[in-house]
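Novice: let me see the structure of the following:
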Amino acid sequence: MTIYTAMPLELVLDGMGNEPGPFVETTVKGMTMQLVPVAPGVGRIVRLLSAPLDCYLKTEYAPGQLIGYMPQDEPIPPASSLYDVPRFGM
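Specialist: Predicted structure coming up:
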């Protein structure tokens, strides 16, 4: 491979051996996407893997946008436990 550049070769090849960050594949609103986790439940979109064609044109699903998701390895609490109110003998 021949590289013609005016920049120093160290700058051009910097980071070439580094692996990309930890990616998460998840399904949000029927779209399968690849995300980089930013915070718990929040990810930055890397790319859409499977989605309806009109979703590829929407700016809210463009690469680099933040989106909320539920990580697959965390259990989802049952909905009934969210509304349980302790009874104090009334």
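
Novice: what number of residues lie near Ile67?
Specialist: 18 (other C-beta atoms under 10 Å). (C-beta placed from N, C-alpha, C; glycine too.)

Novice: who's it bridged to?
Specialist: Counting by DSSP bridges, Ile67 forms beta bridges with Gly43.

Novice: could you pull out the helices in this protein for me?
Specialist: Taking DSSP state H as the test, the helices found in the chain are 9-12, 79-82.

Novice: lowest mean pLDDT across these, which one is that?
Specialist: Note on these: helix 79-82 shows the lowest mean pLDDT, a mean of 51.

Novice: how many residues are close by Met33?
Specialist: 23.

Novice: could you find the closest non-adjacent residue to it?
Specialist: Leaving aside its sequence neighbours, Met33 sits nearest to Leu48 (C-beta to C-beta, 6 or more residues apart in numbering; 5.1 Å).

Novice: ok, and the closest non-adjacent residue to the most centrally placed residue in the chain?
Specialist: By C-alpha atoms, centre = their mean, the chain has its centre lying nearest to Leu35, at 2.0 Å. Closest residue to Leu35 apart from its sequence neighbours, by C-beta to C-beta, 6+ apart: Gly43 at 3.2 Å.
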